[in-house]
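Chemist: Compute the structure for the input listed below.
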Amino acid sequence: MSKEGQYSEFADAALVNAVRTPWIDLGGALAQVSPIDLGIKVGREVLSRSGLDAQEVDSVLAGSMAQASFDAYLLPRHIGLYSGVPQRVPALGVQRICGTGLELLRQAAEQVGNGVGLALCVGTESMSRNPIAAYTHRSGFRLGAGVEFKDFLWEALHDPAIGMDMVGTAEKLAQLHGLSREVVDEFALKSHRLALMAQQSGWFADEIVEVRSEKFEVQGLQPRGINLPKKVTAVYQDNHPRPTDSAALSKLSSIHPGGVQTAGNSCAVVDGAAAGLVAKASACSSPPLARLLGATVVGVAPDVMGGGPVPAIRLLLKNSGLKMSDIDRFEINEAQSAQVLAVAQDLELDFTRLNVRGGSIALGHPLAATGLRLVLTLARQLLSGNMRYGIAAACIGGGQGMALLIENVQYRRGDKF
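Modeler: Numbers count the residues shown, from 1 in each chain. Reported below is the predicted structural model:
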C-alpha cells in the first residue's frame, strides 16, 4: 500500500481461460433470467472449455451488484455448487461496482499466490431485474403516510455524497477537458463501428457461449435453470451494436440540459455474465490465456470519478517498471464517451491501441461482468496480434479507479519467445 493507492504484484498467476454470455439489452431475452443462473452457465462453460474438472476448484469468487433475485445473498455459493465445485470449497462475494470483474481476478491471483490451486471467478449481472424497492416500510404503512418505492437501477446512478449522478461526473470531465458534443459523439460512433466490424468478422464468437433454455441439476440440490421467452430459441451474440451515423447521434437530446452526454454516447444497459479460471502459470499444462502481472486500485474525487483509470494506470506502470509505450493494447471501460476521452487525454493515449474492438457504448456494461470481459477481449487481442502487454481499466462510481496488467505468454520477439 502506498499513498497513491493499492498495488498487487503477482509472481505466478495466470488466467487459464475465460468465457461470457452475449450482452443482451435491458428488457430483452435474458431479462427474466436470474443472475445466479447466468453465472452458473458461464461457470460450467469455462470449466468445460478448459478441460478441467470442477472437483479441482479450490476457491469460488463471484460478484453481482444488484439484489436481482430473492436468493441473491447465496449467489456466490450457488454458482459454485451448481457449477459442480465440491461442497467443501468456500465461496466469496466480491463487490467493487464497475471494477468488480477486475477485482475478482485480483483476489484470485492473490489467493493463487497463497496456495490456492484453481480459482473460479464469475461476474454476473441482471440490470433488467433491478427491483423497485422500499427501505423504510419494514413495520408496515401508517395511515396517510407517504409510500416510498423507488427504481433501484435509476437511484443507483446517483451519488448522494456529491448530489450528482454518474452522467454529471462525465459532464464535469467534459468541461475540464474541453470536450465538445461533436467529439463525444464521434467517439461513440467509432465504438459502434468497431464493435460491429468485430462482430461481423466473427471476432467475439470465440469468447461467447450460446445461451438456451436448460436445467441445471446437481445431486442433492433442487434443480434450477434458464428459461428464455417462448419465442426465443437461443441468444448467441451481443444485440446492442448497431449501424448508426453522426446525424442520428446528433439528434439525441442530452441527458443534462446543455450537456454532451446522451443515451447514444453512454454505455448500453445490458444483462450478461462472464467467468474465468485463475491458477499458477507454472502449473498450466498448456499455454494460458494470459499471465496476470499486477493490479492497482485507487481513490479519486467522486465528482470526477470517471478519471479513476488515470492514476490507477500510472501507479501500475510505476510499480511494474513499464512505460506507456510498452503497452500494446488498452481496454478502458466506456462508461461515457466524455469519461474515456478525458482519460485518454490525460494519459496522452494513442487511440490505435484503445478499445480497438469497440467498447461498452456499443456492447453494453453489465456492471460486475464487465471487468472480466475487458480482460478476456484484451488477452485475445494480444494472442492474435503477437503482442506482449495489455492493461484493462475501469472507473468506479463513488470515486475509484482500477487497472490490471496482463502479459501474453506466447509472445514471440523474432524467432524467440
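Chemist: how about the helices of the chain, start to end?
Modeler: Using DSSP state H, the helices of the chain run over residues 35-50, 75-82, 100-113, 152-155, 166-176, 181-200, 246-250, 309-320, 337-347, 360-363, 367-384.
Chemist: Tell me the buried residues in the fourth one?
Modeler: This means helix 152-155. Of the residues in helix 152-155, 152-153 count as buried by neighbour count, 16 or more other CB atoms under 10 Å. C-beta here means a position set from N, CA and C on the backbone, and glycine is covered the same way.
Chemist: ditto for the first one
Modeler: Under the neighbour-count criterion of 16+ other CB under 10 Å, helix 35-50 has 35-47, 49-50 buried.
Chemist: still on that earlier bit, any idea which of the helices of the chain is most buried?
Modeler: Ranked by mean neighbour count, these are led by helix 360-363 with a mean of 29 (mean count of other CB atoms under 10 Å).
Chemist: now for that helix, which elements pack on it?
Modeler: helix 181-200 (3 or more CB pairs under 8 Å, 6 or more residues apart in numbering; DSSP states H and E).
Chemist: what packs against the helix it packs on?
Modeler: If you count contacts as 3+ CB pairs under 8 Å, 6+ apart, helix 181-200 packs onto helix 246-250, helix 337-347, helix 360-363.
Chemist: can you put those helices in JSON lines and add mean pLDDT and distance to residue 129?
Modeler: Formatted as JSON lines, the helices and strands packed on helix 181-200 follow (pLDDT from 0 to 100; distance: least, CB to CB, whole Å):
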{"stretch": "helix 246-250", "mean pLDDT": "95", "distance to residue 129": "29"}
{"stretch": "helix 337-347", "mean pLDDT": "98", "distance to residue 129": "26"}
{"stretch": "helix 360-363", "mean pLDDT": "97", "distance to residue 129": "20"}
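Chemist: In CSV: those helices, plus distance to residue 170.
Modeler: Formatted as CSV, the helices and strands packed on helix 181-200 follow (distance: least, CB to CB, whole Å):
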stretch, distance to residue 170
helix 246-250, 16
helix 337-347, 4
helix 360-363, 12
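Chemist: so which of the ones you listed comes closest to residue 196?
Modeler: Closest approach to residue 196 among the helices and strands packed on helix 181-200 is made by helix 360-363 (7.3 Å; CB to CB).
Chemist: Can you get me the centre-to-centre distance for the closest one and its chain?
Modeler: Averaging C-alpha positions (CA atoms, centre = their mean, to the nearest Å) puts helix 360-363 11 Å from its chain's average.
Chemist: So which residues lie in contact with it, not counting its own?
Modeler: Contact with helix 360-363 is made by 23, 187-188, 191-192, 194-196, 238, 240-241, 265-268, 270, 333-335, 337, 370, 373, as judged by CB atoms under 8 Å, 6 or more residues apart in numbering.
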